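Asks: Compute the structure for the input listed below.
(chains A and B)
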Amino acid sequence: MILLEIDWFFILSKGGLIMAIILTSFGVAAYATWGERKVAAVMQDRYGPNRAGPFGLLQPLADGLKLFMKEEIIPTNSSKFLFLLAPFLFMLTALMTSAVIPWGPDIPLADGGFFALQVADVNIGILFVFGVVSIGVYGAMLGGWASNNKFSLLSAIRSASQSISYELAMGISLIALIMLSGSLSLRDIAQQQHGFWDNGYFTWNFFKQPLGFLIFFVCSMAEMNRAPFDLAECDSELNMGYHLEYSSMKLGLFLFAEYINMFIGSAVMVTLYFGSYNFPGMDALAASVSPVIFALICVGVFFAKVTGMILFIMFIRWTLPRFRYDQLMNLGWKSLIPLALFNMLLTGALMLWVFK
Amino acid sequence: MDILQILFWVLTIMAIGCALGVVLSRNPVNSVIFLILTFFAISGHYLLLNAQFLAIVNIIVYAGAIMVLFLFVIMLMNMNADTEPQKSWLVQLAGVVSGGTLFLVIIAAISKANLLGVIQPETTNIGLIKVLGQVLYKEYVLPFEISSVLFLSAMIGAIVIGKKDME
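Replies: A predicted model of the protein is given here:
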């Protein structure tokens, strides 16, 4: 189907994939809110949500409905356009990273082609992730400024400086990974981690870059504004943070986008460090089942890993107390950046002299 | 019109419109947002030339870092149209003359430039990271290293100025 010299089948298939990914993200994020409350409840010896449906499973729906029904309030002295734009920007940047993540291996089609479970295989995939992270701060910043509230503004500035500071260490820790993989494409990085054990060593990047993963993980937590790095919305100091003046579904978008950030961030970490959709013994399995079933199993493995990562992030939130702001800045600038530089030098030296 | 041409026109109109918005909007925060959109449109042009690395670096460095700092400063200074002092017509005239001179220089430079002709995005790979790295680290390694030293000295200078009491 070619119209205006555009391959419409290509556009439609990619559009379908994008829809599927966005809906999945929303679903995962909705149940991440439920999961977080259950995890908190278990860790604090409570029941957690258990009224709406079995085990409180309908709680996310009830929460969403409640937010939709609330009154829409726009502060009189706010910049209206920016005030309305900010939550959408926040949500957009949260979802954009999903475009370059390979969710599973290629599915062979009947006509000899392939259907890639990835929206766009750009050869700068990691840099794309990094670029989206770096523009992700605008939603919080504009929202906080446009609300015309000093708590919101303080929180917006905290959020922006925090994310600028942690981007540096994140970038340097990624350089070490890129030196190992020799490619910026997330698809290549996923394929390089094939299986689990090869040539007498693990194939997953976590075992090659443990320090790099630690730095990347801490920085991701800071970029996601997750506790213990949730200085931008620390209730006891700033009431609620940059979304203090928001109500109804605009507040919902802000809160929801955080969980989407967590989901997509976990997916990026799994892709980069935990072998993406690869698992031990995948070659044996690939030989015995049809390619479509195999691809679906791989996607399932990917999501299992992502779920594990999300649970780990939740455990951290309910275990560690919040940093003080100067501690946060010291950790970012005086510990993580030198550590990331050391990791980069170490990786380079090992590649140059030890493992030629 | 194929899809590249459609995209080219959309991006061009967006770039020029947003660039005008930077100059014409009264509110500095709106100016900054227009400038960010301009950078995105220019990154789109890089993508049309198959220069993915340049496109994303443009976004990371300009839209993601420098403009955040711009926004930061503007938010902290709380500038808006009411508090801005009206400049005298002499200053405005000087601004028009100097800006116009710069414009003339750019026009002259472009008219003398040796244009390469139309670049086909399917065949060119001058903007890909591999080719760019080869050029930077083989042919221009000395200027590259010197400019990195320049950046380092600028960073150290900023830290020295930023330190409150140097004892």
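
Asks: Find the closest residue to chain B in the stretch 151-300 of chain A.
Replies: The nearest approach of the stretch 151-300 of chain A to chain B comes at A:Ala160, 5.9 Å away (Cβ to the nearest Cβ). Backbone N, C-alpha and C define where each C-beta goes, glycine included.

Asks: Contacts only, for that residue.
Replies: A:Val137, A:Ala140, A:Met141, B:Val68, B:Leu71, B:Phe72 (Cβ atoms under 8 Å, 6 or more residues apart in numbering or on different chains).

Asks: How about the residues of chain B by chain A?
Replies: Neighbours of chain A within chain B, by Cβ under 8 Å from any Cβ of the partner chain: B:1-3, B:6, B:27, B:29, B:33, B:36, B:52-53, B:56-57, B:59-60, B:63-65, B:68-69, B:71-72, B:75-76, B:128-129.

Asks: Inside helices: which ones of those residues?
Replies: B:3, B:6, B:29, B:33, B:36, B:52-53, B:56-57, B:68-69, B:71-72, B:75-76, B:129 (DSSP state H).

Asks: which one of the contacts of A:Ala160 has the most neighbours?
Replies: A:Ala140 (31 neighbours; other Cβ atoms under 10 Å in any protein chain shown).

Asks: nearest to A:Leu244, of the ones in helices among the residues of chain B next to chain A?
Replies: Nearest to A:Leu244, judged by Cβ to Cβ, of these is B:Met75 at 15.8 Å.

Asks: residues near the closest one, how many?
Replies: Counted with other Cβ under 10 Å, B:Met75 comes out at 20.

Asks: Where do the domain boundaries of chain B fall?
Replies: B:3-127, B:128-167 (automatic domain parsing).

Asks: Show me which helix runs longest in chain B.
Replies: Under DSSP H, chain B gives helix B:89-112 as its longest helix.

Asks: Also chain A?
Replies: helix A:8-43.

Asks: For the residue of the stretch 101-250 of chain A found nearest chain B, give me phi and psi.
Replies: Taking Cβ to the nearest Cβ, chain B has its nearest neighbour within the stretch 101-250 of chain A at A:Ser134, 2.7 Å off. Backbone torsions of A:Ser134, given as degrees, to the nearest 10, read phi -70, psi -30.

Asks: Now it: closest residue in space that isn't a chain neighbour?
Replies: Closest residue in space to A:Ser134, ignoring its immediate chain neighbours: B:Gly64 at 2.7 Å, by Cβ to Cβ, 6 or more residues apart in numbering or on different chains.

Asks: Model confidence at the closest residue to chain A within chain B, what's the number?
Replies: Nearest residue of chain B to chain A: B:Gly64, at 2.7 Å (Cβ to the nearest Cβ). With respect to pLDDT, B:Gly64 scores 82.

Asks: swap in the one 4 residues further on?
Replies: According to the prediction, B:Val68 has pLDDT 84.

Asks: from memory it sits against A:Val137, does it?
Replies: Yes. Between B:Val68 and A:Val137 there is a contact under Cβ atoms under 8 Å: 5.9 Å.

Asks: Overlap of the contact sets of those two?
Replies: In contact with both B:Val68 and A:Val137: A:Ala160, A:Ile164, using Cβ under 8 Å, 6+ apart.

Asks: Point to the residue nearest the middle of chain A.
Replies: In chain A, the C-alpha nearest the mean C-alpha coordinate belongs to A:Gly265, at 1.6 Å (Cα atoms, centre = their mean).

Asks: Contacts only, for it.
Replies: A:Thr97, A:Ser220, A:Glu223, A:Met224.

Asks: just to revisit the earlier point, list just the nearest of the contacts of A:Ala160 to A:Phe196.
Replies: Nearest member of the contacts of A:Ala160 to A:Phe196, counting by Cβ to Cβ, is A:Val137, at 36.8 Å.

Asks: OK, contacts around that closest one?
Replies: A:Ser159, A:Ala160, A:Ser163, A:Ile164, B:Gly64, B:Val68.

Asks: Could you rerun that using 10 Å?
Replies: Contacts for A:Val137 (Cβ atoms under 10 Å, 6 or more residues apart in numbering or on different chains) come out as A:90, A:93, A:156, A:159-164, A:167, A:223, A:232, B:64-65, B:68, B:71-72.

Asks: To what extent is B:Asn30 buried, counted in neighbours?
Replies: B:Asn30 is flanked by 16 other residues according to other Cβ under 10 Å.

Asks: what pLDDT does it get?
Replies: Residue-level pLDDT assigned to B:Asn30 equals 84.

Asks: helix/strand/coil for the residue nearest to A:Gly143 when sequence neighbours are not counted?
Replies: Excluding the flanking residues, the one nearest A:Gly143 by Cβ to Cβ, 6+ apart is A:Ala86, at 3.2 Å. Secondary structure for A:Ala86, judged by DSSP: H, G, I helix; E, B strand; the rest coil, is helix.

Asks: Just list the residues touching A:Ala86, thanks.
Replies: A:Ala86 touches A:79, A:138-147, A:156, A:242-243, A:246, A:250, A:253-254, counting by Cβ under 10 Å, 6+ apart.

Asks: Now with 8 Å, please.
Replies: So A:Ala86 contacts A:Gly139, A:Ala140, A:Leu142, A:Gly143, A:Ala146 (Cβ under 8 Å, 6+ apart).

Asks: Just the buried ones among those residues, please.
Replies: A:Gly139, A:Ala140, A:Leu142, A:Gly143, A:Ala146 (16 or more other Cβ atoms under 10 Å in any protein chain shown).
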